[in-house]
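Novice: here are the coordinates; sequence isn't available:
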């Protein structure tokens, strides 16, 4: 029974694997037919992959990203999202703006995830999960170079895979600022990489391969900050922001007196009047003990709060935001 | 090594070195490698016959598009206007005498004439409606005998490219008791060519009397390159009327490069202010424009007019190109 199931699964998987274009296995296209096979393949998948490629705006900058699930999971570059729990605005191909939040990232290889918060069903692309690309394969890149431009639309550029390393793909699809975080596709329209960086030479364009995303998938989805750079730097200790005002009560405990607007505390549902008892495993006895504990935490860290409301103990977990500049 | 600015991209030569030890695709197999050229034989043939190479003495300064059998060519005006000794090569034939007949300041196109018969003008495609992702071919590096094709695809929607920095007369003005005196005047600016000089009093532009510097700025808003505006100025008590052809700010004062421009090598100074362009991803520099943009059949889709940055090149669509050609030709034939 189990083996039959495995077999069936294997059949399903192989049925899903699109066939590889013959022109990919030629050293170089030899005639117009070969070239047209490449451009026809791109044209076939362009409408769908274009609609899933988004422009990401955060702070003063913009980058690109690509949606990989109907509920709005986005893959991008770590140096675009810049951290965990950041507010991002995504601009869809049709110009619609939706709110996003960055999830986890790998700061060593430049991969990152974000999630569209607005409920909806979004256009998305398929990921090449089986690492099927080979050196010399024809690929194409999409990106919102220089920011979103409704009249221009998303830019598309062609090239070949010129180098495949463990954590990097190199292609001659020319990239420029604003493309970062955007998708690289094979001729079947499957996502194979995310744009990361360029060299001075036009043929030096680097992408993070899907295998690196898949390797870190679960951690990134759980909003973990992986590695120690260089593509994103971990928020320093003490940079975490909770957004609570309290007063010490006679007989111990802290009473919540204020909730900061748009703070993690507000989002968690904690209310004025709640009595704080514990933060993680620390008994909160006074303001100083809470503040000292928060100094050991950074923006993006999770904190568990135990508090009393209406005579009952309750517990919530919230993620610290980044303190605005002092 | 990582830099971050308005747009996110990192220029990171350091990481390139980490990739050593992995197999790479040979340069001849890459997008614009030697082996690719076989597949675009028709387009190469068209470039060989119907594109021209422009030289200033021995230096290549651009390409041109052959428009008639008797030697009429179109090229990019701003790249050729200051050339001292313009020489043209078509196929293997060299032409020492080149006449710059007419130019269109809006499109930045010049009509050239060489003494030739029996040239093969470009063959136009039926229209410039080419789908995103379609192959295109343009001039790349050239030898004396052979035009080399470069390849790419249509990369974005056809559209108008708004003029960056606006259009200018090319003068700095100083206010003196309600009148405006011409200070610095940009070399080869529209105002200079119209005869305006430092020390003149600028009285009116487009029929509007000027009292403050801001009056001129207001008038210049929304003006386009190539627009002709009437000016009235005074010199030694004499009132002089003249017509100024407006130029782009970038041509007059140079590009204000942003970070994307900094990573783009040599780009066209006049890269905006075009009523409509096709966008493609064929590489090159400010000296690789002016030649035809071809499809795989070697048919002409337009003429390359600007290398805008590392990832974007612009071409004038064939419909507009034909109109420009007929218009410039008609003007040049007027007695």
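Specialist: On my side now, so go ahead. Every value quoted in this text rests on a predicted model; they were computed, and no experiment measured them.
Novice: Now do the contacts for residue B:30.
Specialist: By Cβ atoms under 8 Å, 6 or more residues apart in numbering or on different chains, the contact set of residue B:30 is A:159-160, A:162, A:172, A:203, B:36. Where C-beta positions appear, they are placed from N, C-alpha and C, glycine not excepted.
Novice: Excluding sequence neighbours, find me the nearest residue to residue B:131.
Specialist: Nearest residue to residue B:131, sequence neighbours excluded (Cβ to Cβ, 6 or more residues apart in numbering or on different chains): residue A:43, at 5.7 Å.
Novice: quick one: secondary structure of the one you found?
Specialist: Assigned by DSSP: H, G, I helix; E, B strand; the rest coil, the conformation of residue A:43 is helix.
Novice: residues near it, how many?
Specialist: Using other Cβ atoms under 10 Å in any protein chain shown, residue A:43 is surrounded by 15 other residues.
Novice: could I get the contacts of residue B:30 as a markdown table with pLDDT, distance to residue B:136 and neighbour count?
Specialist: As requested, those are exported to a markdown table (pLDDT from 0 to 100; distance: Cβ to Cβ, whole Å; neighbours: other Cβ atoms under 10 Å in any protein chain shown):
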| residue | pLDDT | distance to residue B:136 | neighbour count |
| --- | --- | --- | --- |
| A:159 | 97 | 14 | 26 |
| A:160 | 97 | 17 | 23 |
| A:162 | 95 | 21 | 25 |
| A:172 | 93 | 16 | 24 |
| A:203 | 80 | 18 | 22 |
| B:36 | 91 | 14 | 21 |
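Novice: does any bit of stretch B:282-295 sit next to chain A?
Specialist: Yes: for stretch B:282-295 and chain A, the contact criterion (Cβ under 8 Å from any Cβ of the partner chain) is met by residue B:283.
Novice: In chain B, what residue spans correspond to helices?
Specialist: Under the criterion DSSP state H, chain B contains helices at B:13-18, B:41-50, B:77-80, B:190-193, B:213-220, B:249-253, B:259-262, B:318-333.
Novice: hmm, I was thinking of the stretch 201-326 of chain A
Specialist: With DSSP state H, counting those that start in this stretch, the ranges of helices along the stretch 201-326 of chain A come out as A:210-215, A:217-221, A:264-268, A:287-295.
Novice: Closest residue of the stretch 1-150 of chain A to chain B?
Specialist: Residue nearest to chain B within the stretch 1-150 of chain A: residue A:28 (3.7 Å; Cβ to the nearest Cβ).
Novice: Can you classify that residue by secondary structure?
Specialist: Residue A:28 - assigned by three-state DSSP - is coil.
Novice: Count residues in the vicinity of it, would you?
Specialist: Residues near residue A:28, counting by other Cβ under 10 Å: 21.
Novice: My guess is it contacts residue B:38. True?
Specialist: Yes: using Cβ atoms under 8 Å, residue A:28 makes contact with residue B:38 at a distance of 7.4 Å.
Novice: that older thread, give the contact list for the residue of the stretch 1-150 of chain A closest to chain B.
Specialist: Here residue A:28 is in contact with B:28-29, B:33, B:35-36, B:38-39 (Cβ under 8 Å, 6+ apart).
Novice: Would you mind writing the PyMOL command to select the buried ones in these?
Specialist: Remark: buried members of those, expressed as a PyMOL selection using 16 or more other Cβ atoms under 10 Å in any protein chain shown:
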select buried, chain B and resi 29+33+35+36+39
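Novice: List, out of the contacts of residue A:28, those positioned next to chain A.
Specialist: Among the contacts of residue A:28, proximity to chain A is found for B:28-29, B:33, B:35-36, B:38-39 (Cβ under 8 Å from any Cβ).
Novice: which stretches of the stretch 101-250 of chain A form strands?
Specialist: For the stretch 101-250 of chain A, the strands defined by DSSP state E, counting those that start in this stretch cover A:111-116, A:138-143, A:155-164, A:169-171, A:183-186, A:191-198, A:205-209, A:225-226, A:240-241, A:244-248.
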